[in-house]
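Undergrad: Predicted model and sequence follow; I will ask about them next.
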Amino acid sequence: MTTIASDWNDIGAVVDYIRTLRHVDKSTSSPGRWAVARGRLCRTTPGKLQKLVLLAPGYTRTSPTSAPVQLPAEGTAMNTQSHEEFAANWDRQVGCQDQYDPAASESVWLEMIKSDPVGATWGPGVRRAPQVTTWGWNAEVVAKTQIPTLMVSGEHDKQVPPERVRELYADLGSHQKGIRRSCLFSHNATWEKNHLLLFRASLEWLTRGSVNGKQEGILVQARPRQTPMVTIGQIVWHYWTLGVSRIPG
């Protein structure tokens with residue numbers, strides 16, 4: 001079992017590694033799964049992060065500020081997901097034609113199973129993930145966060161609904177903040193067909209502090225009238241951390 005504090009430690013080590021590797025004082029980051037941990041890390045490691053990109057951040061305004069008395073909290077140690085459940089979870093978030101390649105979905109699943117040889121032996125094979133005890137990323141904390149932050153939300157995301165991302169945008173203390181909404185993507189945006197454009201959008205924010213030249217505001221990508229064609233800056237990447245050796249400006 002794990003807690004959000006152990007995630008802070010893991011990401012903190014990544015930030016320090018990038019700072020050393022790139023010989024910079026501050027790192028720029030683009031997390032997905034660890035958006036909650038990285039958001040809180042802005043407060044616990046001030047001065048180490050220059051910009052953030054958060055895809056589908058699971059923000060809860062009323063989350064407790066302090067850790068519970070018992071850690072980890074009582075409950076199951078992990079959750080599981082079968083191949084059938086993984087595919088169904090993705091399909092329920094499809095809102096555009098040819099949003100993802102089934103071969104990509106299969107590849108992601110196979111890599112998940114490969115990473116967990118124990119889970120792979122449970123029945124037909126399952127993906128396992130730890131249950132994480134979380135605290136410390138709420139309205140009080142984010143109001144004090146001044147790091148320029150881009151938040152990304154897919155209209156069809158059923159795992160982190162867009163309204164939760166809008167709440168984070170409203171509560172965030174930074175004066176340089178943006179929220180990018182798009183009808184073309186789901187929670188699995190990085191694995192979908194427009195992923196290369198997402199990477200470029202992330203890079204623009206992390207190096208220039210803008211998306212399509214805009215430094216703040218809620219930017220909505222409307223549903224196209226024809227076959228979807230996307231432009232740079234529509235949404236951003238998912239699970240990886242990016243280090244930039246020189247930050248313009």
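TA: Noted; the coordinates are in hand. Residues are numbered from 1 along each chain as shown.
Undergrad: remind me which residues of this protein are low pLDDT?
TA: The chain contains residues with pLDDT under 70 at 1, 28-46, 219-249.
Undergrad: burial count for Glu85?
TA: 12 (other C-beta atoms under 10 Å). Using the backbone N, CA and C atoms, a C-beta is placed for each residue, glycine as well.
Undergrad: element containing it, please.
TA: If you go by DSSP states H and E, Glu85 is part of helix 83-91.
Undergrad: and the next helix-or-strand element following that helix, which residues are buried?
TA: Next helix or strand after helix 83-91 toward the C-terminus (DSSP H and E): helix 102-114. Using 16 or more other C-beta atoms under 10 Å as the burial criterion, the residues of helix 102-114 that qualify are Ser105, Val108, Trp109, Met112, Ile113.
Undergrad: Stretch 59-69 too?
TA: Tyr59, Ser63.
Undergrad: Quote the end-to-end distance of it.
TA: 22 Å (C-alpha to C-alpha, to the nearest Å).
Undergrad: quick one: contacts for His83?
TA: Shown in contact with His83 (C-beta atoms under 8 Å, 6 or more residues apart in numbering): Trp109, Pro124, Gly125.
Undergrad: same thing but at 10 Å, please
TA: Listed by C-beta atoms under 10 Å, 6 or more residues apart in numbering, the contact set of His83 reads Ser105, Glu106, Trp109, Leu110, Met112, Ile113, Pro124, Gly125, Val126, Arg127.
Undergrad: before we move on, what about Lys114?
TA: Ala120.
Undergrad: any idea how far it is from Val108?
TA: Per C-beta to C-beta, to the nearest Å, Lys114 is found 11 Å from Val108.
Undergrad: Kindly report the same for Leu21.
TA: Shown here: Leu21 relative to Val108, a distance of 27 Å by C-beta to C-beta.
Undergrad: now the helices: where do they sit in the chain?
TA: Taking DSSP state H as the criterion, the chain contains helices spanning 4-22, 35-44, 83-91, 102-114, 139-142, 162-171, 195-208.
Undergrad: right, and those helices - which one's nearest Pro68?
TA: Closest to Pro68 of the helices of the chain, according to C-beta to C-beta: helix 4-22, at 11.0 Å.
Undergrad: Go ahead and confirm His156 touches His187.
TA: Yes: between His156 and His187 a contact is recorded at 8.3 Å, counting by C-beta atoms under 10 Å.
Undergrad: what do those two both touch?
TA: Gln93.
Undergrad: which of those two has more neighbours?
TA: His187 (21 against 18).
Undergrad: show me the contacts for that one.
TA: 32, 55-56, 89-90, 93, 153-154, 156-160, 238.
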